[in-house]
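# Would you be able to build a 3D model of this:
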Amino acid sequence: MTLSKRLKLLAVLCIILTIILALALNGQRKEMEDSYAKVNQLIEVQLTIDLVRANLWLLQQFQDQKAVSETRSAVDRLQRMIDITAELPLNEYEKRLLHNIRRHQHNITLLLQLSENKSTNRHEVSAEATSNAALTARYNTIVQSLSEDSLRFQQITIRNSLDSESKHLFFNATLILAIALIVTLFSLHTLNSFKRKFGTLKQGIQQLAQGDLSSKLTMPQGDEFAELADTFNQMKHELMQTMQRRDELQKEVEAQTEQLLLQQEKLRQMAEYDDLTGIYNRGAAQNYIAISLERCKRQQTQAAVLFIDLDDFKPINDQFGHRVGDIVLKELANRMMHTLRASDIIARLGGDEFIIWLDPLKGDNQIDTVVEKLRSLGHDIYIEELQQMLDVGLSIGSSIYPEHGNNLTELISYADQQMYQQKRISKQQPQLKRPTEPSTEAKKVSPPVYVDFRTDK
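Next comes the predicted model:
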């Protein structure tokens, strides 16, 4: 049963029980009014009986017409009181008592007629005396019986009224207790059901707050909480699907973002680094050196540009192929990066030409030291697929900022000129002849062969 139906049923039940209690109280009120009216009427009857008794005493004393007339009036009034009492609701016992009272009143009326006759024949003196004594005794007896029956009538009426009031009070008290008990039990049952189902719903909400989207609320069908639980379960199911779609979308976004970052990094590598050697290309070198130049201008420090050209690199490509030439270039670039400082900039301008930016520069001797290290890098380049060593020469020209130029173009131009001068000087030195190719058997036992390409063809 739904909670709204329970409350409606409780309201209807309370209304019905209240109407029953109101009807019972109204019936009790009517019975009390009837009892009070009956008691008041009996009191009037008793007062009239006392009036008749007083008039009879006067009649016995004076025996005149006035006493007879007054007694007749009192008896008539008693008859009227008896007729009024007979119209009230009476039980069988009360009706018998009222019948006795009516009979006694009739007897008094008959005796009163005899008294009237005697009052008109006063000459019979001896018989009158005897008759008056008999009438007096008869009057006294009837009046005494009349008073006893009236008093008994009053007692019965009062006792019946008390019994009726007690029954009504007991009935009303029982009805009120039943109403309170029914309403209390029904309310407690509804409250326990509400608290139990509300607790289940609260637990489900707490589980949802903790991130549990798989559990479901289970409630008996047939009330609002069951509908609410079904709606809550549907909401959790849709929320779980939404979360799954969000997670999938998040993963997709992360994958796309990672791919974009990889592509961005790849584009940056392509934009800044040389594809073959992995060092800076011309454009990136110009940008970073320009930034370093601005710093040198602000701090008024020195820096240097080294322009490197490989001696007779073309014969390597011609004799062993471009693949071997690429290996030589990559090895030289790798050796430069491991030899120079992290703050120095190494870039490939193209072909076999490189530039190096030395920053900061602490003196001219530092350039000589670096040049000597760089010239030794061309020795003992091992080519695995040839199973032999190759040597290449490095012609290096240098320029110093700001002595030889205020911008990168001037510095590179000056270093390039110095490089060509150094190359001409090296060509004037004695030439080394290329050794002959060793036999197959010799290759197996002899150490790697060194080939010097620092000669002119």
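# what ranges of the stretch 301-450 of the chain fall below the confidence cut-off?
Applying pLDDT under 70 to the stretch 301-450 of the chain picks out residues 428-450.
# show me where it has strands.
Per DSSP state E, counting those that start in this stretch, the stretch 301-450 of the chain carries strands over the ranges 302-311, 345-350, 353-361, 381-383, 388-391, 393-401, 450-452.
# Against which helices or strands is the longest one packed?
Looking back up the chat, that one is strand 302-311. Judged by 3 or more Cβ pairs under 8 Å, 6 or more residues apart in numbering; DSSP states H and E, strand 302-311 is in contact with helix 282-299, strand 353-361, helix 364-376, strand 393-401, helix 408-427. For the C-beta atoms, the positions are set from N, CA and C on the backbone; glycine is no exception.
# now these as TSV including mean neighbour count and distance to Ser35?
Formatted as TSV, the helices and strands packed on strand 302-311 follow (neighbours: other Cβ atoms under 10 Å; distance: least, Cβ to Cβ, whole Å):
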stretch	mean neighbour count	distance to Ser35
helix 282-299	15	119
strand 353-361	21	126
helix 364-376	14	134
strand 393-401	22	132
helix 408-427	16	130
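# between the ones you listed, which one is nearest to Leu267?
Shortest distance between Leu267 and those, using Cβ to Cβ, is found for helix 282-299: 12.5 Å.
# Would you mind writing the CA trace of that closest one as CSV?
What follows is helix 282-299, C-alpha atoms only, in CSV (Å, rounded to 0.1, in the frame of the first residue of the first chain):
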residue,chain,number,x,y,z
ARG,A,282,70.4,26.2,-39.8
GLY,A,283,67.1,27.9,-38.9
ALA,A,284,67.1,26.7,-35.3
ALA,A,285,70.7,27.6,-34.9
GLN,A,286,70.1,31.1,-36.1
ASN,A,287,67.2,31.6,-33.7
TYR,A,288,69.0,30.3,-30.6
ILE,A,289,72.3,32.1,-31.5
ALA,A,290,70.3,35.3,-32.0
ILE,A,291,68.9,34.9,-28.4
SER,A,292,72.4,34.2,-27.1
LEU,A,293,73.8,37.3,-28.9
GLU,A,294,71.2,39.5,-27.2
ARG,A,295,72.2,38.1,-23.8
CYS,A,296,75.9,38.7,-24.6
LYS,A,297,75.1,42.3,-25.5
ARG,A,298,73.3,42.9,-22.2
GLN,A,299,75.9,41.2,-20.1
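# which residues touch that helix?
271-273, 280, 301-303, 305, 345, 347-350, 355, 357, 359-360, 401-402, 407-408 (Cβ atoms under 8 Å, 6 or more residues apart in numbering).
# angle of that helix against strand 345-350?
Orientation check (axes from the mean of the first three to the mean of the last three Cα atoms, to 10 degrees): helix 282-299 against strand 345-350 gives 140 degrees.
# Begin at 30 from now on, thanks
Yep, numbering from 30; the last one is helix 311-328 now.
# What mean pLDDT does helix 311-328 get?
Across helix 311-328, the average pLDDT comes to 91.
# Tell me how many other residues crowd Val357.
A count of nearby residues for Val357, using other Cβ atoms under 10 Å, gives 21.
# check contacts around it.
Contacts of Val357 (Cβ under 8 Å, 6+ apart): 339, 342, 345, 410, 412, 419, 421.
# would JSON lines of those residues with distance to Leu52 and neighbour count be doable?
Shown next, in JSON lines, are the contacts of Val357 (distance: Cβ to Cβ, whole Å; neighbours: other Cβ atoms under 10 Å):
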{"residue": "Leu339", "distance to Leu52": "124", "neighbour count": "22"}
{"residue": "Phe342", "distance to Leu52": "124", "neighbour count": "19"}
{"residue": "Ile345", "distance to Leu52": "125", "neighbour count": "23"}
{"residue": "Ile410", "distance to Leu52": "121", "neighbour count": "22"}
{"residue": "Ile412", "distance to Leu52": "121", "neighbour count": "18"}
{"residue": "Leu419", "distance to Leu52": "125", "neighbour count": "24"}
{"residue": "Val421", "distance to Leu52": "125", "neighbour count": "24"}
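# From what I see, Ile410 and Leu423 are in contact.
No. In this structure Ile410 lies outside contact range of Leu423 using Cβ atoms under 8 Å: 11.7 Å.
# what do the two both touch?
By Cβ under 8 Å, 6+ apart, the residues touching both Ile410 and Leu423 are Leu361.
# Could you give the separation between the terminal residues of stretch 373-389?
From its first residue to its last, stretch 373-389 covers 8 Å (Cα to Cα, to the nearest Å).
# Look up how far Ser222 lies from the residue nearest the centre of the chain.
What sits nearest the mean C-alpha location of the chain, by Cα atoms, centre = their mean, is Ile234, with 5.5 Å. Distance of Ile234 to Ser222, given as Cβ to Cβ, to the nearest Å: 19 Å.
# Go ahead and measure how far stretch 241-248 is from the middle of the chain.
Stretch 241-248 has its C-alpha centroid displaced from the chain centroid by 14 Å (Cα atoms, centre = their mean, to the nearest Å).
# Please read the previous query as pertaining to stretch 365-382.
64 Å.
# And it, what's buried?
Residues of stretch 365-382 classed as buried by neighbour count (16 or more other Cβ atoms under 10 Å): 365, 369, 373-378, 381-382.
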